[in-house]
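Visitor: Got a predicted model here, sequence first, then my questions.
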Amino acid sequence: MIGRTAELAALTRLVERAAAGASGLLVVTGPRGSGKTTLLDAAVRAARAQGVPVAHRTAESLGTRLIVIDENRVPEPAELERLLASGASVLVTAGEDSQADLRLRALSEAELNRLLPGRQSDVVHAIWLASGGMPGTALDLAALIGSADDPVAVLALSAPSRTQFLVPDVALLRLLEWAATRPLTSEVRAKVLIRWARELLGDTSSLDRRRELADEAVQLAEGCGDPGVLANVLDGRLHALWDPAAAPERRDVSSLIVGKAREAGDGQAELNGLFWRFVALVELGDLDAAEAALVSYARTGELLGDSEAGVIALSRQAVLAIARGRLTLAEQLTEQVAKAGQATGLKDTARLTASLAGQLALLRGEAAGQVDPLQEMALRLPGHFYEATAARVMAEAGRDQEAGLELTRLLPSVLAGSGPRWLGAVADLAFVAAREGSVEDARKLYDALQPFTGRLVVWGGANTVTGPVDDLLGRLANRLGEQALALKHFDDAVAQEERLGAATWLSGTLAVRGRPGDAQRSGELTERIGIVRARPDEWRLVREDDAWLLEAGAETVRVRHVRGFQYLKTLVSAPGQEIAALDLVADGPAGLERPWSEELLDASARRSFNERLSSLEKLLDVADQAGDAGRGQSLSAEREALLAELRRATGLGGRPRQSSPEAERARVNATRALGTALSRLETKAPIATAHLRASLRTGSYFRYQPTAGGPQRWRLS
């Protein structure tokens, strides 16, 4: 075993402990092809050479001396403790795990040369690049190329990428660049160039180079006359030049790929074409047709024995379930994706499940825990705008100021960007800008999104879909003060969501549109779906020249100044405190000389009211016992009228309120002014207005007594 001296020494020590009757544990990890199975076989041979019994399955392990476990993951600690308590020694080989005692490293090129005797140095170098130095993979690739005329080109086309989507495989890129310099047939060169262009997708600075490579590859493929080559080159071009604006082209080219692939009998190319069709149909907002395309994709994958296609189909079914408000089903599908992806070895399994789990967490009111993972992903994949999603999640979690800072930092690079995550990034920043951004930022984002009206916000290959573009255009138009335009966008979004049966998205758009009945309908949908809307930490009421800006959760509205907004600001700045009407209209203690004042209700009137209330309570009991509903309603109405009059005439602690002509005029004027202000808010911020109406107390004394549905605090300026 070349390059595994330390590992063999550790195995020898473990076998010796087993032979001596002592327990021991050795955990060896490494990626696929690193030689874990070979190492395990060596341990079995060594144990048997010393007469040590060996068991391969934990169910048969008690009473044995050496237990070998070859699984994807290290067993749970309790299981390992049980095995060690039996007196056995245990050898575990698994994928990457933090519990590892030994991690199998890649072989150097010199070590690989010893593993592959008789190979030319340039072929060994190509195998080393293609395998990443993993011995098992290197041996498989060496067998694959056999005695090919150009082993470098064969490796460049057949070696699998070892990285996840959008992560550049530097070694593979070097191999492809090298292969492209060699004398190749038109067919092979077309394949090499398009794979090179496709693998460069993770490099956000390489757009021009990708376009050059893809254009030459298409020209060569069309000239060679092989439909299978053309199908694969067109597929690669869609990857390499992934432009959100080109969804109609993707839909049309996907049909061409499927047709050429069927003509050539290339099942894998046909599968790829069907997936592109699914993605394009989602982007264009035709979810029913997209779901049918997804079924065709999954069935074709089954016919080809492509287990990874089944995992991908499951993950997209979960995305559609989220959109339609079937959150429990989406959670179940996410679990299936995790298990099936692990079983098939799909490299993107962790990211697929993290994306689905993150979407569900936001809907369950658990936004705060999603920020750190997104920021870590942004460090791993610079240039792919994960920070934009983190900014949106910050806003969802009520961290508006932090989200606003991220908006300022990210906006120039996002607007100048491109790629499979671009539209989603712009949409996420639009969500933030509608709450926290400047008018200038909102205008830039509106202009960037406007060409996509009628479309859905889709990330990559539809692994995340966050709703209609028109919803975000409506929010931005509100931020710009263009209320009629905002309403049109919201109406378009609602119509699209209703047509698609996208209940989750519909609940969010209704919450911000503000037409009569929208708030109630949104609340009903939210409750039925199981969405948890996090209570915002802070609402803002800000004076901007001759206008007022209210930001209340998902609602943002800008309205012209009227006096009532100044009164509203005074009241919400002091929750629970009574403020005399005279002080409220004077914007502070009035200091007025009152020529006369009198109690609104004198002691005799208050006593009479209370006696009548006691009598009404008894009469209501009699009406209830007799089942006289009409009489009960009449008595209840009289009771409520008396209570309202008592509340108007008494303050905190039941003290009598006093009135004067000035105080009465102030009460009337302040009540009218507040009513005007709330009416102006109501059409654009119905949820916030409902909270304010329920929380404001008027009379000779005014008070903001917060009820449910409001913020934890107000930010005022």
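Guide: Everything's here; your move.

Visitor: Let me see the ranges of the helices in the stretch 301-450 of the chain.
Guide: With helices called from DSSP state H, counting those that start in this stretch, the stretch 301-450 of the chain shows them at 307-323, 327-344, 349-363, 371-380, 386-396, 400-415, 422-436, 439-449.

Visitor: between the ones you listed, which has the poorest average model confidence?
Guide: Lowest mean pLDDT within these: helix 371-380, at a mean of 82.

Visitor: helices or strands up against it?
Guide: In terms of contacts (3 or more C-beta pairs under 8 Å, 6 or more residues apart in numbering; DSSP states H and E), helix 371-380 is packed against helix 349-363, helix 386-396. Where C-beta positions appear, they are placed from N, C-alpha and C, glycine not excepted.

Visitor: Contacts for it next, please.
Guide: If you take C-beta atoms under 8 Å, 6 or more residues apart in numbering as the criterion, helix 371-380 is touched by 167, 354, 358, 384-387, 389-390, 393-394, 397, 399.

Visitor: ok, so of the residues you listed, who is nearest residue 208?
Guide: Nearest to residue 208 among those is residue 384, at 18.2 Å by C-beta to C-beta.

Visitor: Let's have the helices and strands packed on helix 371-380 in JSON lines, adding mean neighbour count.
Guide: Formatted as JSON lines, these follow (neighbours: other C-beta atoms under 10 Å):
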{"stretch": "helix 349-363", "mean neighbour count": "20"}
{"stretch": "helix 386-396", "mean neighbour count": "26"}
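
Visitor: Can you say which of those is nearest to residue 6?
Guide: Among the helices and strands packed on helix 371-380, the nearest to residue 6 by C-beta to C-beta is helix 349-363 (28.9 Å).

Visitor: If you count contacts, what does the closest one end up packed against?
Guide: Using 3+ C-beta pairs under 8 Å, 6+ apart, helix 349-363 is in contact with helix 307-323, helix 327-344, helix 371-380.

Visitor: got a list of contacts for the second one?
Guide: So that's helix 327-344. 72-73, 307-308, 310-311, 314-315, 317-319, 321-322, 348-349, 352-353, 356-357, 359-360, 363-364, 504, 529-531.

Visitor: Please parse this structure into its domains.
Guide: As given by automatic domain parsing, the domain ranges for the chain are 5-103, 306-364, 389-534.

Visitor: Make a markdown table out of those domains and add distance to residue 683.
Guide: Below are these laid out as a markdown table (distance: least, C-beta to C-beta, whole Å):
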| stretch | distance to residue 683 |
| --- | --- |
| domain 5-103 | 55 |
| domain 306-364 | 27 |
| domain 389-534 | 5 |
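
Visitor: Out of those domains, which gets nearest to residue 626?
Guide: Among these, the nearest to residue 626 by C-beta to C-beta is domain 389-534 (35.2 Å).

Visitor: circling back to that earlier point, would TSV of the helices and strands packed on helix 371-380 with distance to residue 237 be doable?
Guide: Output for the helices and strands packed on helix 371-380, formatted as TSV (distance: least, C-beta to C-beta, whole Å):
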stretch	distance to residue 237
helix 349-363	24
helix 386-396	26
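
Visitor: helix, strand or coil for residue 557?
Guide: State at residue 557, reduced to three classes by DSSP: H, G, I helix; E, B strand; the rest coil: strand.

Visitor: hang on, the earlier thing: out of the contacts of helix 371-380, which comes closest to residue 516?
Guide: Comparing the contacts of helix 371-380 against residue 516 with C-beta to C-beta picks out residue 397 as the nearest, at 30.6 Å.

Visitor: Model confidence for that closest one, exactly?
Guide: In this model, residue 397 is scored at 77, pLDDT.

Visitor: do the same with residue 126
Guide: For residue 126, the predicted pLDDT is 92.

Visitor: How about residue 289?
Guide: 95.

Visitor: where's it relative to residue 280, distance?
Guide: Residue 289 is 10 Å from residue 280, where distance means C-beta to C-beta, to the nearest Å.

Visitor: Those two - which one has more neighbours?
Guide: Neighbours were counted for residue 289 and for residue 280 using other C-beta atoms under 10 Å; residue 280 has more, 26 against 16.

Visitor: from the chain's centre, how far out does the helix or strand hosting that one sit?
Guide: Assigned by DSSP states H and E, residue 280 belongs to helix 267-283. The chain centroid and the centroid of helix 267-283 are separated by 23 Å, computed with C-alpha atoms, centre = their mean, to the nearest Å.

Visitor: Ok, stretch 42-57 next?
Guide: Counting by C-alpha atoms, centre = their mean, stretch 42-57 is centred 48 Å from the centre of its parent chain.

Visitor: Same check on stretch 509-525?
Guide: Counting by C-alpha atoms, centre = their mean, stretch 509-525 is centred 23 Å from the centre of its parent chain.

Visitor: Mind listing what's buried along it?
Guide: Buried residues in stretch 509-525, defined by neighbour count with 16 or more other C-beta atoms under 10 Å: 509-514, 518-519, 521-523, 525.

Visitor: now stretch 126-143
Guide: For stretch 126-143, the neighbour count (16+ other C-beta under 10 Å) marks 126-139, 141-142 as buried.

Visitor: got any ranges where the stretch 451-600 of the chain has weak pLDDT?
Guide: Counting by pLDDT under 70, the stretch 451-600 of the chain contains low-confidence ranges at 533-537, 554, 587-600.

Visitor: in it, which spans are helices?
Guide: With helices called from DSSP H, counting those that start in this stretch, the stretch 451-600 of the chain shows them at 469-479, 483-500, 503-513, 518-529, 563-572, 581-585.

Visitor: Repeat that for the stretch 151-300 of the chain.
Guide: Ranges of helices in the stretch 151-300 of the chain, per DSSP H, counting those that start in this stretch, are 151-158, 170-180, 186-199, 207-224, 227-240, 247-264, 267-283, 287-304.

Visitor: show me the contacts for residue 680.
Guide: Residues near residue 680 by C-beta under 8 Å, 6+ apart: 559-560, 562.

Visitor: If we use 6 Å, what do you get?
Guide: If you count contacts by C-beta atoms under 6 Å, 6 or more residues apart in numbering, residue 680 has them with residue 559.

Visitor: before we move on, the earlier item: export the helices and strands packed on helix 349-363 to a markdown table and tack on mean neighbour count and distance to residue 481?
Guide: Formatted as a markdown table, the helices and strands packed on helix 349-363 follow (neighbours: other C-beta atoms under 10 Å; distance: least, C-beta to C-beta, whole Å):
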| stretch | mean neighbour count | distance to residue 481 |
| --- | --- | --- |
| helix 307-323 | 23 | 31 |
| helix 327-344 | 18 | 35 |
| helix 371-380 | 15 | 30 |
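
Visitor: any chance of these in a markdown table, plus distance to residue 236?
Guide: Output for the helices and strands packed on helix 349-363, formatted as a markdown table (distance: least, C-beta to C-beta, whole Å):
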| stretch | distance to residue 236 |
| --- | --- |
| helix 307-323 | 18 |
| helix 327-344 | 23 |
| helix 371-380 | 24 |
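
Visitor: coming back round to it: packing partners for the helix holding residue 280?
Guide: For helix 267-283, the elements it packs on are helix 227-240, helix 247-264, helix 287-304, judged by 3 or more C-beta pairs under 6 Å, 6 or more residues apart in numbering; DSSP states H and E.

Visitor: Quick check: which of the ones you listed has the most neighbours on average?
Guide: Mean neighbour count, computed with mean count of other C-beta atoms under 10 Å, is highest for helix 227-240 among the helices and strands packed on helix 267-283, reaching a mean of 24.
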